[in-house]
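[1] predicted model and sequence below, questions to follow.
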Amino acid sequence: MSEQDTIVIVGGSVAGLRTAEALRRHSFGGAITIVEAGRELPHDRPALSKQLLATDAPPESVLLRTAAQIAARDIDLRRGTAATGLDPAGRTVQLAGGERLAFDQAVIATGVAPRRLPVPAPTGGVHYLRDLPDALALRAAIGDARQVAVIGGGFIGLEVASVLAGRVEGVTVIEAMPSPLAHLLGETVARRVVDLHRAQGVQFALGRTVTRILGTDRPSGVVLDGSIIPADLVVVGVGAVPNTGWLAGSGLAVDGGVVCDEHLRTSAAGVHAVGDVARWPNARYGQTMRIEHWTNAIEQAGVVGWNLLNPRAPRAYTPVPYVWSDQYDTRLQIIGRPGPADTLMILEDDPGARRFVAAYLRADAVVGGFAMNAPSQALALRRAITAGLSPTEALAAAGSALEAAAFSGLASPPSRPGADPTAPTGLTP
Ligand SMILES: Cc1cc2nc3c(=O)[nH]c(=O)nc-3n(C[C@H](O)[C@H](O)[C@H](O)COP(=O)(O)OP(=O)(O)OC[C@H]3O[C@@H](n4cnc5c(N)ncnc54)[C@H](O)[C@@H]3O)c2cc1C
């Protein structure tokens, strides 16, 4: 890599932007172009289902950077410009308008798109939530809504339910599985999360499949196998699919995401991938993963920024995964790779304070953690798992964080939703 090189990053959200910034931080002086299909400046997607939806916050409040800040880093951000192809041998990115952008190194940061529900539906009133225009459209629709159906009991669906509960007459979460999140966190923890919502009046239709959304220009109900849930606003959050269609014909290995090695290099020389779109082998777990979490996008961007500039001394990306979600005034945090078959060790359970901390044990190792309104314990657990501490040491570390938090008042719920102030940092490999 020389100072005169040109790096083209496809996808201008958090992973793409942070990669560009990492390059500048490491004193890369060559040209950086980011190609972004959307017209908006890079924005904080976690805020879309939290403070942007819950308040009248202006759209600017969720921007990650202003145009001036991006320009000040000498990053050429080309918005409203979709990449339609990649030619690794010719080292060009094809743009929708026909232009070809030459590169020395390229980074794929095209993220994911919401999975569409394959059922008949009205032309309006059915919302998906991925970007700023989606969030503004949903926010504008809430005022007229009385009965809301949220299809999908994952984090985005549950966050939307938590914002709408109490603001409309009724909210029903429809989930195909018998218990939302139980396949990830086990029944005990999943029940805590569901109870949080039931206490706010949210109804659940569990183990039910949607066959149709009734209505012509707006919804009147959601048809399940055997019943109808009345709804004049529908929000769908049923997962996401990686944005890899534009790579067809590039020869790049794509398999449920862009296939990378442990250094986040794709199958084509000079092309890396980063963020939600990247699938890579995490040597810590001996498993290939693709993670759709904010912290992962940021940590990967740091690694790719380094690896682009240091190809002879690349860093492997071996994180302990981490995700947070804000629902009501409760922060949920998941650390590591917990599974429903793990042994759950409850470290704290205080329903009154809506605090709950648990570790997941597998084959005599702590493999995961779950914390509700307990950010310092979540951080302690992530550090302990990252350091490979024994269960006794890990649980002691989480226990001391518990005591320290209680002593210092840190145990109180997070003061502001949105961007995660307690996300463990400094753990980037
Ligand atoms: C509503 C919502 C709430 C969330 N809340 C949380 C949370 O609480 N905690 C958490 O950890 N994570 C959360 N996430 C996930 C987190 O936002 C993502 O992990 C993160 O945005 C991934 O960043 P990315 O840059 O990899 O991908 P994306 O943010 O998906 O960005 C990819 C970008 O690439 C662009 N693009 C796609 N195809 C092309 C193309 N062909 N040409 C040019 N540009 C293209 C897209 O327009 C997009 O801007 C949330 C996500 C959403 C949608």
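    Received it, and whenever you're ready, just let me know what you need. In this text the structure is predicted, and so the values were computed from the model without any measurement.

[2] please identify which helix or strand holds residue 398.
    Assessed by DSSP states H and E, residue 398 sits inside helix 391-408.

[3] I misspoke; the intended subject was residue 349.
    With DSSP H and E as the criterion, residue 349 is inside strand 343-350.

[4] you'd agree residue 21 is in a helix?
    Yes: Residue 21 forms part of a helix when assessed by DSSP: H, G, I helix; E, B strand; the rest coil.

[5] pull up the gap between the closest residue to it other than its chain neighbours and residue 196, please.
    Distances taken as CB to CB, 6 or more residues apart in numbering place residue 73 nearest to residue 21, at 6.4 Å, with adjacent residues excluded. Heads up, the C-betas are built off the backbone N, CA and C, glycines and all. Distance, residue 73 to residue 196, by CB to CB, to the nearest Å: 41 Å.

[6] show me the strands in the stretch 101-250 of the chain, by range?
    Under the criterion DSSP state E, counting those that start in this stretch, the stretch 101-250 of the chain contains strands at 105-108, 112-114, 126-128, 147-151, 170-175, 203-206, 210-214, 221-224, 227-230, 233-236, 240-242.

[7] closest to the ligand out of those?
    Closest to the ligand of these is strand 112-114 (CB to the nearest ligand atom; 5.3 Å).

[8] what are the buried residues along the closest one?
    Going by neighbour count (16 or more other CB atoms under 10 Å), the buried part of strand 112-114 is 112, 114.

[9] if we can go back for a sec, so what touches the strand holding residue 349?
    Contacts of strand 343-350 from elsewhere in the structure, counted by CB atoms under 8 Å, 6 or more residues apart in numbering, are 186, 188-189, 355-362, 374, 377, 395, 398-399, 402.

[10] any idea which residue is closest to the centre of this protein?
    residue 293 (3.1 Å; CA atoms, centre = their mean).

[11] how about the nearest residue to the one residue in the stretch 251-400 of the chain that gets nearest to the ligand, chain neighbours excluded?
    Of all residues in the stretch 251-400 of the chain, residue 275 sits closest to the ligand, at 2.1 Å by CB to the nearest ligand atom. In space, not counting the residues next to it along the chain, residue 275 is nearest to residue 15; the distance is 2.8 Å by CB to CB, 6+ apart.

[12] let me know the secondary structure of the closest residue to the residue nearest to the centre of the chain other than its chain neighbours.
    Distance criterion CB to CB, 6+ apart; nearest residue to residue 293, sequence neighbours excluded, is residue 323 at 4.2 Å. State at residue 323, reduced to three classes by three-state DSSP: strand.

[13] what does the residue in the stretch 51-200 of the chain positioned nearest to the ligand show for phi and psi?
    Here the residue of the stretch 51-200 of the chain nearest the ligand is residue 111; by CB to the nearest ligand atom that distance is 2.1 Å. Backbone dihedrals for residue 111, given as degrees, to the nearest 10, come out at phi 60, psi -150.

[14] give me the number of residues near it?
    Residue 111 is flanked by 24 other residues according to other CB atoms under 10 Å.

[15] name all residues that make contact with it.
    When contacts are counted by CB under 8 Å, 6+ apart, residue 111 is found next to 11, 13, 15, 242-243, 275-277.

[16] quick check: closest non-adjacent residue to it.
    residue 276 (4.5 Å).

[17] and the one you found, how many neighbours?
    27.

[18] ok so, going back, any of the contacts of strand 343-350 buried? List them.
    The buried subset of the contacts of strand 343-350 - by 16+ other CB under 10 Å - is 186, 189, 355-361, 374, 377, 395, 398, 402.
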